[in-house]
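Q: sequence and predicted structure below; questions after.
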Amino acid sequence: MTWATKNPHTWLVIVDRKSGKRMEIYNDETPNHDFTIPFEVNFSDAATPAVNTVTLYNISKKHASFPKKGMKIYLYFNWGSSKKLICEGYITKVDSTHHDGVTDSKVLSFTEGTNYSNVKANRLKVKKKKTVHKHKIIKVTEKGHYKNKRVPTRETKTVRSNKTYKKGTTYKALIQGIASQCGIKIDRIQLHKNPALTRPYTAKGKPLTLIKQLVQKTESVINYRKGKFEIIDPKSEKRTWIDIDDQDLVQPPSNNEADNGKETWEITTPLIPDITVGVGINMKSKYLKGRFYVKAGQHTSDGENPQTQCSLAAM
């Protein structure tokens with residue numbers, strides 16, 4: 001498939017969720033909308049969101065003062081006038097405006113989606129009723145005089161303890177239960193395997209760590225796809241598929257062998273908004289043929305040369 005690479009458009013939308021106010025800047029290379037918007041958007045099969053950047057050049061003081069840490073940010077790109085989201089997340093850092101004598105620039109850093117690595121272990125505790133055995137001292141009359149006597153009593157009290165999932169619970173139900181209890185939003189869950197617990201399981205520890213351990217046992221992976229937290233089957237045929245041939249490649253694919261012995265291939269194309277982690281790639285190059293999926297990569301633009309670089313693993 002040969003991708004059309006004319007008429008590039010970039011849109012940046014920033015939303016203040018408290019006030020509802022929003023700022024939109026876009027570039028279609030026309031006189032009134034020729035704002036250069038360089039960016040770097042990363043994606044990978046990791047359980048923590050990537051950190052991305054976008055740079056704003058020569059914008060007004062009003063626009064420059066609008067972005068604040070914590071605001072929602074959306075970045076779109078397409079070859080044409082229809083928007084295609086390449087990332088959404090939250091601003092983590094706003095640099096001061098830099099002036100080099102000719103150009104003003106401001107760099108915004110943002111994460112892709114919500115980072116759940118800081119969700120604390122105590123979110124896994126639930127309230128339970130517990131009967132405890134105690135004793136109390138009472139006065140009794142014995143042979144004409146008072147005497148203290150220790151008698152057993154029972155008391156029901158509320159305690160906080162870690163939730164236990166019973167034998168037979170599926171891994172999917174277990175993962176969803178931990179996520180729901182801790183406020184972790186999973187936008188999609190597609191497991192390669194879904195075994196059942198062979199013994200009771202008590203959820204102890206940091207929630208994201210537990211979810212990562214459970215996902216690994218199902219031979220699945222966690223990733224962030226355009227800001228959405230997902231669990232997917234890396235071998236599933238049910239995915240978006242994109243054809244890439246030699247006319248789409250900026251340069252021939254390069255081979256890379258990781259420490260674990262698993263081979264990957266690096267390809268570079270003009271920016272393809274539909275490519276992200278987990279997307280299937282049908283390689284039809286004379287240098288590389290076959291079916292692969294995207295493990296990691298990045299969309300970049302210096303304002304003039306939008307590209308997608310990604311690492312492919314064989315299906």
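A: Alright, I've got the coordinates.

Q: quick one: the helices in the stretch 1-150 of the chain?
A: 61-64 (DSSP state H, counting those that start in this stretch).

Q: which SS class is the spatially most central residue of the chain?
A: In the chain, the residue lying closest to the centroid (CA atoms, centre = their mean) is Tyr224, at 3.2 Å. With DSSP: H, G, I helix; E, B strand; the rest coil as the basis, Tyr224 sits in strand.

Q: who does it bridge with?
A: Tyr224 has these beta-bridge partners by DSSP bridges: Phe229.

Q: dump the residue contacts of it.
A: 43, 46, 49-50, 112-113, 230, 277 (CB atoms under 8 Å, 6 or more residues apart in numbering). Yep, even glycine has a C-beta here, placed from its N, CA and C like the rest.

Q: at 10 Å what do you get?
A: Counting by CB atoms under 10 Å, 6 or more residues apart in numbering, Tyr224 touches 42-50, 87, 89, 111-115, 187, 230, 276-277.

Q: which stretches of the stretch 51-200 of the chain have low pLDDT?
A: Along the stretch 51-200 of the chain, segments meeting pLDDT under 70 span 144, 158.

Q: and the stretch 201-315 of the chain, by the same measure?
A: Those would be 258-261, if you go by pLDDT under 70 across the stretch 201-315 of the chain.

Q: which residues of it fall in strands?
A: All strands of the stretch 201-315 of the chain, identified by DSSP state E, counting those that start in this stretch, fall at 201-202, 221-225, 228-232, 241-244, 254-257, 263-270, 280-284, 289-301, 307-314.

Q: please apply the same query to the stretch 51-200 of the chain.
A: Counting by DSSP E, counting those that start in this stretch, the stretch 51-200 of the chain has strands at residues 51-57, 72-79, 85-94, 98-99, 104-112, 125-142, 145-162, 164-165, 188-189.

Q: just checking: what are the partner strands of the third one?
A: Translated: strand 85-94. The pairing partners recorded for strand 85-94 under DSSP bridges are strand 72-79 (antiparallel), strand 104-112 (antiparallel).

Q: the strands of the stretch 201-315 of the chain: which one's closest to Arg22?
A: Shortest distance between Arg22 and these, using CB to CB, is found for strand 228-232: 20.6 Å.

Q: quick one: list the elements packing against the closest one.
A: helix 171-182, strand 188-189, helix 207-217, strand 221-225 (3 or more CB pairs under 10 Å, 6 or more residues apart in numbering; DSSP states H and E).

Q: how many residues are close by Thr131?
A: Using other CB atoms under 10 Å, Thr131 has 8 other residues around it.

Q: Ala4 versus that one, what's the distance?
A: 71 Å (CB to CB, to the nearest Å).

Q: check contacts around Ile281.
A: 240-244, 265, 267, 269, 272, 275, 288, 290-294, 310, 312-313, 315.
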